[in-house]
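Need the 3D shape of this:
(2 chains)
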Amino acid sequence: SQTIHQWPATLVQPVGSPLSLECTVEGTSNPNLYWYRQAAGRGLQLLFYSVGIGQISSEVPQNLSASRPQDRQFILSSKKLLLSDSGFYLCAPRGRPPYEQYFGPGTRLTVT
Amino acid sequence: AQSVTQLGSHVSVSEGALVLLRCNYSSSVPPYLFWYVQYPNQGLQLLLKYTSAATLVKGINGFEAEFKKSETSFHLTKPSAHMSDAAEYFCAVSDPTGGYNKLIFGAGTRLAVHP
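Sure thing, here's the model as predicted:
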(Lines give C-alpha, C1' and ligand atoms only; values in the text may rest on other atoms or scores of the structure.)
Protein backbone atom coordinates (compact mmCIF):
# COMPACT_ATOMS: atom_id res chain seq x y z
CA SER A 1 0.00 0.00 0.00
CA GLN A 2 1.03 3.57 -0.59
CA THR A 3 2.03 6.14 1.99
CA ILE A 4 1.79 9.79 1.04
CA HIS A 5 3.69 12.46 2.92
CA GLN A 6 2.98 16.15 2.62
CA TRP A 7 4.72 18.98 4.40
CA PRO A 8 4.32 21.29 5.94
CA ALA A 9 0.93 20.45 7.40
CA THR A 10 0.04 24.10 7.89
CA LEU A 11 1.60 27.29 6.62
CA VAL A 12 0.88 30.98 7.04
CA GLN A 13 2.61 33.20 4.53
CA PRO A 14 2.37 36.90 3.65
CA VAL A 15 1.27 38.08 0.24
CA GLY A 16 4.19 38.26 -2.16
CA SER A 17 6.29 35.63 -0.39
CA PRO A 18 7.49 32.44 -2.09
CA LEU A 19 6.01 29.01 -1.57
CA SER A 20 7.27 25.46 -1.66
CA LEU A 21 5.08 22.49 -0.78
CA GLU A 22 6.45 19.00 -0.98
CA CYS A 23 4.86 15.63 -1.52
CA THR A 24 6.60 12.27 -1.40
CA VAL A 25 5.10 8.86 -2.02
CA GLU A 26 6.23 5.50 -0.68
CA GLY A 27 5.20 2.02 -1.73
CA THR A 28 4.87 2.57 -5.44
CA SER A 29 7.05 3.33 -8.42
CA ASN A 30 6.53 5.64 -11.38
CA PRO A 31 3.12 6.86 -10.22
CA ASN A 32 1.08 9.55 -11.88
CA LEU A 33 1.04 12.39 -9.36
CA TYR A 34 -1.52 15.16 -8.91
CA TRP A 35 -1.83 18.46 -7.05
CA TYR A 36 -5.31 19.67 -6.09
CA ARG A 37 -6.50 22.72 -4.22
CA GLN A 38 -9.62 23.22 -2.16
CA ALA A 39 -10.49 26.84 -1.54
CA ALA A 40 -12.83 27.60 1.34
CA GLY A 41 -16.33 26.38 0.55
CA ARG A 42 -15.35 25.13 -2.87
CA GLY A 43 -14.69 21.76 -4.42
CA LEU A 44 -11.51 20.19 -5.70
CA GLN A 45 -9.53 22.02 -8.35
CA LEU A 46 -6.90 20.08 -10.27
CA LEU A 47 -3.77 22.22 -10.55
CA PHE A 48 -1.07 20.00 -12.03
CA TYR A 49 -0.36 16.41 -12.83
CA SER A 50 2.74 14.51 -13.79
CA VAL A 51 3.15 11.20 -15.58
CA GLY A 52 6.91 11.02 -15.01
CA ILE A 53 10.08 12.78 -13.90
CA GLY A 54 10.27 16.26 -15.38
CA GLN A 55 6.84 15.95 -17.02
CA ILE A 56 4.27 18.45 -15.80
CA SER A 57 0.82 19.22 -17.16
CA SER A 58 -0.81 22.43 -15.97
CA GLU A 59 -4.55 22.58 -15.68
CA VAL A 60 -5.06 26.12 -14.49
CA PRO A 61 -3.00 29.17 -15.56
CA GLN A 62 -1.93 31.00 -12.42
CA ASN A 63 1.11 31.98 -10.43
CA LEU A 64 1.81 28.43 -9.27
CA SER A 65 4.23 25.94 -10.77
CA ALA A 66 5.06 22.30 -10.15
CA SER A 67 8.12 20.17 -10.53
CA ARG A 68 8.93 16.50 -10.28
CA PRO A 69 12.64 16.11 -9.64
CA GLN A 70 12.43 12.47 -8.59
CA ASP A 71 10.10 9.58 -9.33
CA ARG A 72 8.18 9.84 -6.06
CA GLN A 73 8.58 13.53 -5.28
CA PHE A 74 6.24 16.27 -6.38
CA ILE A 75 6.74 19.94 -5.50
CA LEU A 76 4.35 22.86 -5.77
CA SER A 77 5.88 26.32 -5.87
CA SER A 78 5.17 29.97 -6.26
CA LYS A 79 7.45 32.98 -6.55
CA LYS A 80 4.91 35.42 -5.16
CA LEU A 81 1.80 34.33 -3.29
CA LEU A 82 -1.58 35.96 -3.75
CA LEU A 83 -4.42 36.08 -1.24
CA SER A 84 -6.36 33.83 -3.60
CA ASP A 85 -3.75 31.10 -3.18
CA SER A 86 -5.08 30.33 0.28
CA GLY A 87 -6.57 26.88 0.54
CA PHE A 88 -6.03 23.23 1.30
CA TYR A 89 -3.50 21.60 -1.01
CA LEU A 90 -3.68 17.90 -1.64
CA CYS A 91 -1.22 15.60 -3.32
CA ALA A 92 -2.57 12.42 -4.88
CA PRO A 93 -0.86 9.55 -6.66
CA ARG A 94 -2.94 7.50 -9.07
CA GLY A 95 -3.41 3.80 -8.59
CA ARG A 96 -3.66 0.96 -11.05
CA PRO A 97 -6.85 0.46 -13.08
CA PRO A 98 -9.53 1.64 -12.41
CA TYR A 99 -7.22 4.55 -11.65
CA GLU A 100 -8.53 5.79 -8.37
CA GLN A 101 -6.44 8.44 -6.67
CA TYR A 102 -5.14 8.26 -3.13
CA PHE A 103 -4.88 11.49 -1.25
CA GLY A 104 -2.26 12.75 1.13
CA PRO A 105 -3.08 14.48 4.43
CA GLY A 106 -2.92 17.92 2.85
CA THR A 107 -1.30 21.27 3.56
CA ARG A 108 -3.41 24.14 4.86
CA LEU A 109 -2.04 27.38 3.38
CA THR A 110 -3.20 30.76 4.62
CA VAL A 111 -1.94 33.82 2.77
CA THR A 112 -2.23 37.00 4.83
CA ALA B 1 -16.28 16.48 -21.81
CA GLN B 2 -17.00 14.44 -18.75
CA SER B 3 -18.95 16.01 -15.93
CA VAL B 4 -20.27 14.93 -12.55
CA THR B 5 -23.30 16.42 -10.85
CA GLN B 6 -24.03 15.94 -7.18
CA LEU B 7 -27.55 16.98 -6.33
CA GLY B 8 -27.71 18.79 -3.03
CA SER B 9 -24.69 20.56 -1.61
CA HIS B 10 -26.00 19.89 1.90
CA VAL B 11 -27.94 16.90 3.17
CA SER B 12 -29.16 16.50 6.73
CA VAL B 13 -30.43 13.27 8.24
CA SER B 14 -31.27 11.94 11.67
CA GLU B 15 -29.11 9.34 13.30
CA GLY B 16 -30.40 5.93 12.23
CA ALA B 17 -32.07 7.24 9.08
CA LEU B 18 -31.29 6.30 5.50
CA VAL B 19 -28.50 8.22 3.82
CA LEU B 20 -28.90 8.92 0.11
CA LEU B 21 -26.37 11.06 -1.73
CA ARG B 22 -26.98 11.56 -5.41
CA CYS B 23 -24.47 11.52 -8.25
CA ASN B 24 -25.05 11.71 -11.98
CA TYR B 25 -22.35 11.59 -14.60
CA SER B 26 -22.08 12.25 -18.29
CA SER B 27 -20.14 9.75 -20.30
CA SER B 28 -20.38 8.25 -23.73
CA VAL B 29 -18.36 5.21 -22.69
CA PRO B 30 -18.59 3.03 -19.58
CA PRO B 31 -16.73 4.97 -16.92
CA TYR B 32 -14.97 4.10 -13.73
CA LEU B 33 -16.81 5.73 -10.82
CA PHE B 34 -15.77 6.52 -7.26
CA TRP B 35 -17.06 7.91 -4.01
CA TYR B 36 -14.72 9.64 -1.59
CA VAL B 37 -15.27 10.95 1.92
CA GLN B 38 -13.46 13.89 3.49
CA TYR B 39 -13.43 14.67 7.19
CA PRO B 40 -12.46 18.19 8.31
CA ASN B 41 -8.82 19.07 7.66
CA GLN B 42 -8.06 15.67 6.18
CA GLY B 43 -7.40 14.32 2.74
CA LEU B 44 -9.99 12.38 0.79
CA GLN B 45 -10.52 8.71 1.57
CA LEU B 46 -11.80 6.25 -1.00
CA LEU B 47 -15.19 4.82 0.04
CA LEU B 48 -15.88 2.60 -2.94
CA LYS B 49 -15.35 2.20 -6.66
CA TYR B 50 -17.27 0.89 -9.64
CA THR B 51 -15.23 -1.10 -12.15
CA SER B 52 -18.02 -2.79 -14.17
CA ALA B 53 -17.69 -6.07 -12.27
CA ALA B 54 -20.98 -5.58 -10.43
CA THR B 55 -23.56 -2.81 -10.48
CA LEU B 56 -24.00 -2.81 -6.70
CA VAL B 57 -20.77 -1.88 -5.04
CA LYS B 58 -20.11 -2.20 -1.33
CA GLY B 59 -17.60 0.03 0.37
CA ILE B 60 -16.24 0.84 3.76
CA ASN B 61 -18.25 2.02 6.77
CA GLY B 62 -21.46 0.34 5.55
CA PHE B 63 -21.84 2.45 2.42
CA GLU B 64 -22.84 1.10 -0.95
CA ALA B 65 -23.60 2.53 -4.37
CA GLU B 66 -25.50 1.29 -7.36
CA PHE B 67 -24.45 1.94 -10.93
CA LYS B 68 -27.45 2.55 -13.21
CA LYS B 69 -26.37 3.00 -16.79
CA SER B 70 -29.85 3.94 -18.04
CA GLU B 71 -29.99 6.77 -15.53
CA THR B 72 -26.27 7.62 -15.68
CA SER B 73 -26.33 7.58 -11.91
CA PHE B 74 -24.15 6.28 -9.11
CA HIS B 75 -25.98 7.18 -5.90
CA LEU B 76 -24.43 6.48 -2.52
CA THR B 77 -26.53 4.96 0.26
CA LYS B 78 -26.25 3.76 3.81
CA PRO B 79 -29.21 2.16 5.58
CA SER B 80 -28.62 3.74 8.97
CA ALA B 81 -26.69 6.95 9.53
CA HIS B 82 -24.23 7.29 12.35
CA MET B 83 -22.97 10.50 13.87
CA SER B 84 -19.49 9.64 12.61
CA ASP B 85 -20.77 9.76 9.01
CA ALA B 86 -20.91 13.54 9.14
CA ALA B 87 -18.42 14.63 6.50
CA GLU B 88 -18.20 15.83 2.92
CA TYR B 89 -18.69 13.30 0.15
CA PHE B 90 -17.38 13.54 -3.39
CA CYS B 91 -18.39 11.56 -6.42
CA ALA B 92 -15.79 11.20 -9.18
CA VAL B 93 -15.51 9.69 -12.64
CA SER B 94 -12.35 8.58 -14.36
CA ASP B 95 -12.10 10.30 -17.70
CA PRO B 96 -11.24 7.80 -20.46
CA THR B 97 -10.08 10.55 -22.79
CA GLY B 98 -6.34 10.99 -22.54
CA GLY B 99 -5.78 7.59 -20.99
CA TYR B 100 -7.70 8.00 -17.73
CA ASN B 101 -5.22 10.64 -16.60
CA LYS B 102 -7.80 12.65 -14.73
CA LEU B 103 -10.57 12.20 -12.21
CA ILE B 104 -13.51 14.51 -12.66
CA PHE B 105 -15.00 15.40 -9.28
CA GLY B 106 -18.43 16.59 -8.35
CA ALA B 107 -18.80 19.69 -6.21
CA GLY B 108 -19.35 17.63 -3.08
CA THR B 109 -22.22 17.04 -0.66
CA ARG B 110 -21.87 17.90 2.99
CA LEU B 111 -23.70 15.39 5.15
CA ALA B 112 -24.91 16.43 8.58
CA VAL B 113 -26.22 13.83 11.02
CA HIS B 114 -28.26 15.04 13.96
CA PRO B 115 -29.36 13.10 17.04
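
ok, now which ones touch residue A:41?
Applying C-beta atoms under 8 Å, 6 or more residues apart in numbering or on different chains, we find residue A:41 in contact with no residue. C-beta here means a position set from N, CA and C on the backbone, and glycine is covered the same way.

Please give the centre-to-centre distance between the helix or strand of chain B with the lowest mean pLDDT and its chain.
One helix or strand of chain B scores below all others by mean pLDDT, DSSP states H and E: strand B:102-105, with a mean of 90. With C-alpha atoms, centre = their mean, to the nearest Å as the basis, strand B:102-105 stands 13 Å off its chain's centre.

Check which helices and strands it is in contact with.
Under the contact definition 3 or more C-beta pairs under 8 Å, 6 or more residues apart in numbering or on different chains; DSSP states H and E, strand B:102-105 sits against strand A:44-52, strand B:3-5, strand B:87-95.

pLDDT (mean, whole number) over the next helix or strand after the shortest one?
Looking back up the chat, that one is strand B:3-5. Next in sequence after strand B:3-5, counting helices and strands by DSSP states H and E, comes strand B:10-14. Mean pLDDT, strand B:10-14: 98.

neighbouring strands for strand B:10-14, and are they parallel or not?
Note on strand B:10-14: by DSSP bridges, its sheet partners are strand B:109-114 (parallel).

Between strand B:87-95 and the strand it pairs with, find me the angle.
Computed with axes from the mean of the first three to the mean of the last three C-alpha atoms, to 10 degrees, the direction of strand B:109-114 lies at 150 degrees from that of strand B:87-95.

What residues of strand B:109-114 count as buried?
Buried positions in strand B:109-114, judged by neighbour count with 16 or more other C-beta atoms under 10 Å in any protein chain shown: B:109-111, B:113.

So of those residues, which two are at opposite extremes in space?
Farthest pair in those (C-beta to C-beta) is B:109 and B:113. Separation: 12.8 Å.

Beta-bridge partners for the residue most central in space within chain A, please?
Nearest to the geometric centre of chain A sits residue A:35, at 3.2 Å (C-alpha atoms, centre = their mean). When bridges are called by DSSP bridges, residue A:35 pairs up with residue A:48, residue A:91.
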